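Engineer: Would you be able to build a 3D model of this:
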Amino acid sequence: MRRPGARPMIASPAVAWGAGTLAVFVVLWIVVTSGTGLVPARVLPSPLAVVERAIALVAAPFSGATLEGHALASLTRWAIGVSCAVLVGIPLGILLAWLPPVRAAVSPVFELLRFIPPFAWVPIAVLWFGASTTTQALVVFIAAFPACVINAQLGVSQVDPILQRAAKVLGADALTTLRRVVVPVAAPTAFTGVRIAVSNGWMALVGAELIVGKQGLGFLISQGQNNDSVATIFVGIIAIGLLGAAIDVALQRLQARVLPWTPALAQAR
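Structural biologist: Have a look, this model is predicted:
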């Protein structure tokens, strides 16, 4: 018997719909490949073939590492680039919104650089650092940095001036107002920028690994192409998607824990 006030242990409609859609997708995949042979294996391998290939990649190295080794290499480079983008981008965005002289000095350069695609920096990064972890982390940083700056700046600029005036009336100086009022109010918007940066950085990393990688999921995909192994390519693609989704879910849970006042989270609870 369920306790009064306890939540029923049922999946939300969104989860049920998502699981149903995924199941239908897998069934259709089976039907058009191993079920009917409508699509040849050299174009689209069956789910069973992809699973078998994934098990083989976990058990034995391929192009220098197992599947988990390639995944770890990608995650390491991504983490370095995104961490640097967050640590530099969010404070810069706050400064751009809070200090007009800084905004006037920095914005023209930032607006010019942020429209240059991350992959345009790959050749110069290779010349500077070679085909190294630093090169790929730099590409991730370039892809993730603008979202951190823009959303932090937007969050601070949208803080209600009444809150700042109220803090001043209560005796808070500018630094205290920024720390105790502005930053907490702007934090949800800034965190949205972090989620966008994480996604942009992850996609840019895979692209960089396709071009100059010696290890990683993007490199795994390119080696699958070189070895004419479509199943290997699909293992890499699926691993990229699953890891990206897992990272985003983890970020959402982190946001719910550290920023419980986020409006969207309040509505969801």
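Engineer: Please count neighbours and contacts with C-alpha atoms only from this point.
Structural biologist: Fine.
Engineer: Of all the helix elements in this structure, which one is longest?
Structural biologist: Longest helix in the chain by number of residues (criterion: DSSP state H): helix 67-98.
Engineer: That helix: what's the following helix or strand?
Structural biologist: helix 100-113 (DSSP states H and E).
Engineer: List the buried residues of that next one.
Structural biologist: Neighbour-count burial for helix 100-113, counted by 16 or more other Cα atoms under 10 Å, picks out residue 103.
Engineer: List the buried residues for the longest helix of the chain?
Structural biologist: So for helix 67-98, counting by 16+ other Cα under 10 Å, buried means 67-75, 77-86, 89-90, 92-98.
Engineer: again, but for stretch 151-171
Structural biologist: Within stretch 151-171, the residues that count as buried by 16+ other Cα under 10 Å are 151, 152, 153, 154, 155, 156, 157, 159, 164, 167.
Engineer: pLDDT at the first one, what is it?
Structural biologist: Residue 151 is assigned 95 on the pLDDT scale.
Engineer: Distance of it relative to residue 97?
Structural biologist: According to Cα to Cα, to the nearest Å, residue 151 stands 10 Å off from residue 97.
Engineer: Phi first, then psi, for residue 62.
Structural biologist: Dihedral pair for residue 62: phi -140, psi 120, per degrees, to the nearest 10.
Engineer: so what's it closest to, chain neighbours aside?
Structural biologist: Spatial nearest neighbour of residue 62, chain neighbours left out: residue 220 (7.9 Å); criterion: Cα to Cα, 6 or more residues apart in numbering.
Engineer: for the one you found, what are its contacts?
Structural biologist: Under the criterion of Cα atoms under 8 Å, 6 or more residues apart in numbering, the neighbours of residue 220 are 62, 63, 70, 232, 233, 236.
Engineer: How is it assigned, secondary-structure-wise?
Structural biologist: With DSSP: H, G, I helix; E, B strand; the rest coil as the basis, the three-state label of residue 220 is helix.
Engineer: got it, and residue 38?
Structural biologist: With three-state DSSP as the basis, residue 38 sits in coil.
Engineer: Tell me who's in contact with it.
Structural biologist: Going by Cα under 8 Å, 6+ apart, residue 38 touches residue 32.
Engineer: what does residue 149 give?
Structural biologist: Applying Cα under 8 Å, 6+ apart to residue 149 gives the contacts 89, 90, 91, 92, 93, 94, 193.
Engineer: Just put the residues you listed in a markdown table and tack on pLDDT and distance to residue 175.
Structural biologist: Formatted as a markdown table, the contacts of residue 149 follow (pLDDT from 0 to 100; distance: Cα to Cα, whole Å):
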| residue | pLDDT | distance to residue 175 |
| --- | --- | --- |
| 89 | 95 | 19 |
| 90 | 95 | 16 |
| 91 | 95 | 14 |
| 92 | 94 | 15 |
| 93 | 94 | 16 |
| 94 | 94 | 12 |
| 193 | 93 | 23 |
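Engineer: Let me see the ranges of the helices in the protein.
Structural biologist: With helices called from DSSP H, the chain shows them at 13-30, 47-59, 67-98, 100-113, 122-129, 133-157, 161-169, 174-177, 183-212, 217-226, 230-258, 263-268.
Engineer: With respect to residue 41, which of these lies nearest?
Structural biologist: Distance to residue 41, taken as Cα to Cα, is lowest for helix 230-258 among these, at 8.0 Å.
Engineer: What residues sit buried inside the closest one?
Structural biologist: Of all the residues in helix 230-258, those buried under the rule 16+ other Cα under 10 Å are 230-237, 239-240, 244, 248, 251, 255-256.
Engineer: Show me what that helix is packed against.
Structural biologist: Applying 3 or more Cα pairs under 8 Å, 6 or more residues apart in numbering; DSSP states H and E, one finds that helix 230-258 contacts helix 47-59, helix 183-212, helix 217-226.
Engineer: Could I get these in CSV, plus columns for distance to residue 26?
Structural biologist: Below are the helices and strands packed on helix 230-258 laid out as CSV (distance: least, Cα to Cα, whole Å):
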stretch, distance to residue 26
helix 47-59, 8
helix 183-212, 24
helix 217-226, 21
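Engineer: looking at the ones you listed, which is closest to residue 112?
Structural biologist: helix 183-212 (18.4 Å).
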